[in-house]
Structures are given as structure tokens and as C-alpha cells.
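*Asks:* need coordinates for the below:
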Amino acid sequence: MTTQTFVSFQDSVTETVIDNVKLSFPMFTRSRFDFVSNNISNSEFDNGIGYVYYAVKLPGGEMHVTLPKGSDLRHGQNVSLVAKLKSPEDMVSFIIMLNFLRKYKLKQIFIPYLPFGRQDREQIDNNGSITLFSCKAIWNTIDLLIRDVEIYTLDSHSNIPHGLFLNNNLVDISDKRYSPISEDKRSNISVIHMSFIDSILTCMCGKIKSIVLVSPDFGAYKKTEQYLNNLKGMYPSLDMSMLTLGKTREVTTGNIVVNKVISSTKELVFNNNVMYLILDDICDGGATFLSAAAMLDLLADGRPCNKALFTTHAMYSKGTDLLSQTFMAVGTTDSWYTPTDSLPRNFQVQRLVVLD
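*Replies:* Next up is the predicted model:
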């Protein structure tokens, strides 16, 4: 049986400052069900300058958006928005709010997780069924309301959404410099990844000497390679390499199984000093990552195999138990996921904070 160490984070939530966007928030909105993120580091809301709007679902299923009395929005006032979009209801409320804000100077929107980004092409399966291009349908429609607005997102699934905005006004801040006014050359996504890696290294008391970044399938190869290039210079004392796995679909069950090695930049070594780290953009249910972990255990053949997983966005739609039992550490940001008190001790959720 393959063995691995499990870490226990002191705090399940850490803070990551996104310093590059430099958004300003004269208006701060959030709804009862967390439609818009309240993770803003300034004190505007506490000082009473922010405004709350509420979005509730009517019995018939329609969304009802309300600004309470006292929301003193002035015509011509610059407005910025942080939109934490988690559901179709959130999207409808978002559209209603965007339409309302057209009478003001809506300057910029930060959407940490860009919904429908995974449905980025039209596909026909073996049975002739057509999967529609949802990403284009949704964002082409929203683009009509925000054509002159700067839109920022973090670690989008692909570059496809960027071409769907007529004025090319969607910007992924992942590779933007974290602090352009200093000598710090790290990117925003590197800062997020390093926060997770540093936490593990601290918990392991210096035992980790080598990190292998794992691409769970060939589709993630370029993204993982970019992550590796970003991180190599940040850990000069660590040996860093990359492993690319491949997956196939089982004909009888339709399940996707990671079951082969496509490439490795170095010979694979399995011991307590090596950590196999999967970095990716999204974890929904986690099946691909669990399958990749099983493939790593197979390659380890009973030797120690320390595995860790970090995705920028996470839903954990199948729960956290299996992921917690499989990986020594699991991490994400609060771009979609909201941590709970029952979160396993080896999970870390980074709270995204946008500085004005």
C-alpha cells in the first residue's frame, strides 16, 4: 500500500491580496446569498459608504433584485463591482443589476470565477447529440450591457471567452505582475500558488526537497507548464519538474480515467521528500484529480507518494471527504467556494482581497 503524509493547516482560511488590479469601490454591493463577494480589504463598507442590494427568488422561480432605501447613488458617479457568480440565479441577478447600473458610470467589474467558461465550444458526440456553445451565448448577451466596462477575471479556463467581448475588454489578471510598483516580479497566480506551497513546506518542517507539478491530462499541459515556469525561480532550493498524465473514457461506464503517462521532464522518484502537486483552474466534483491520484499511487508501487491539489476555483460538488483522504493537502480560493466550519483540517481556502 502506498503511504503519504497528511498536513494540518493551523487556519483553514488565509488571505491573498490581489494588488495588480487597483480597483476602486465607491459602491459595494452584496446579496443575502453572497451574489457579490464581500472580500474587500478597504473599510468603505464599515464606514457606511457601501451599498447593499438584495436578490431573492420569488415562489415562481423569478429573481427579484432590490436596493434598500438610503442607497444614495448619484447619476454620473463612478461605480465598480465585484461579482461572485455561483449559480444561474446569480447570473440573472447580475444582468438585472448591470442594466440598472447603465445610468451610472460603471467603470470596472471583477468576476473572480467566470461562469460557463468550460462550455467554450460546440461539440457533437458519438450519438449525434450537440452540446451548445453556452459560453458564447451568455457572454455575448452580457457584453451588450457592459461594452465600455473593464472586466477582470482570475485564471479563466481558456482564452476563448476573451474573444467574445466586442471591445476586448476582458482581462485575466493571473499573469499580471503582483506588484508593478516594486521589484516583485511574481504574478498574481504565482502569489496564490506560493501561499499554498509555503503552507505545506512549513507544515512539513523542511522535509520536502522536490516538487513535481502534475498535469492531470494533456489538456492541462500548457497551463501546468506555465505554472512551472512561474514557480521555478521562486524556489531555488527545491528541485522542480513536471509530469503529464493522460486519460481515456471507459466505453461501458462513460467514466473518465487517468491511466497513462504522457511525459515527464525527469525520472520519477517516490519518497517522503517528494511532493506531487496538481495545479489546475477548476475542481468541480474532483473525479479527474482522484483518478490522477490513483495513477500516481500505481506508479509509486507501494513507495511513499505525497500528493497535493490546488485549484484556483472549486465547487467540491461531490463533497470534500474523498479529496481529504486522497491528498495530503487541498487548496483553493474563495472565488466560488465559501469555507465552512466542517472543512477538513488539510484544506486551505485563500480569501481573495482586492486593494483599491
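
*Asks:* okay, and the beta partners of the closest residue to Ala314 other than its chain neighbours?
*Replies:* Nearest residue to Ala314, sequence neighbours excluded (CB to CB, 6 or more residues apart in numbering): Thr332, at 3.7 Å. (C-beta placed from N, C-alpha, C; glycine too.) Beta-bridge pairing for Thr332 (DSSP bridges): Val349.

*Asks:* now do Thr332 against His313, distance only.
*Replies:* 7 Å (CB to CB, to the nearest Å).

*Asks:* report the set of residues contacting both of the two.
*Replies:* Common neighbours of Thr332 and His313 (criterion: CB atoms under 8 Å, 6 or more residues apart in numbering): Cys283.

*Asks:* circling back: what number of residues are in the vicinity of the residue nearest to Ala314?
*Replies:* Residues lying near Thr332 (other CB atoms under 10 Å) number 24.

*Asks:* my guess is Leu279 meets Tyr227, correct?
*Replies:* Yes. Applying CB atoms under 8 Å, one finds Leu279 in contact with Tyr227, separated by 4.8 Å.

*Asks:* and these two? which has more neighbours close in?
*Replies:* Each of Leu279 and Tyr227 has its neighbours counted (other CB under 10 Å); Leu279 has more, 28 against 24.

*Asks:* what's downstream of the strand or helix carrying that one, the next helix or strand?
*Replies:* In this assignment (DSSP states H and E), Leu279 forms part of strand 274-283. Remark: after strand 274-283, the chain's next helix or strand is helix 287-300, criterion DSSP H and E.

*Asks:* packing partners of that following helix?
*Replies:* Counting contacts by 3 or more CB pairs under 8 Å, 6 or more residues apart in numbering; DSSP states H and E, helix 287-300 is packed against strand 239-249, strand 256-264, strand 274-283, strand 306-314, helix 321-326.

*Asks:* quick one: the longest one to chain centroid distance?
*Replies:* Counting by CA atoms, centre = their mean, to the nearest Å, strand 239-249 is centred 20 Å from the centre of its parent chain.

*Asks:* list the contacts of it.
*Replies:* Residues outside strand 239-249 that contact it (CB under 8 Å, 6+ apart): 209-218, 221, 224-225, 228, 231-232, 255-266, 268, 276, 288, 291-292, 295.

*Asks:* give the buried residues for it.
*Replies:* Using 16 or more other CB atoms under 10 Å as the test for burial, strand 239-249 gives Met240, Ser241, Met242, Leu243, Thr244, Leu245, Gly246, Lys247.
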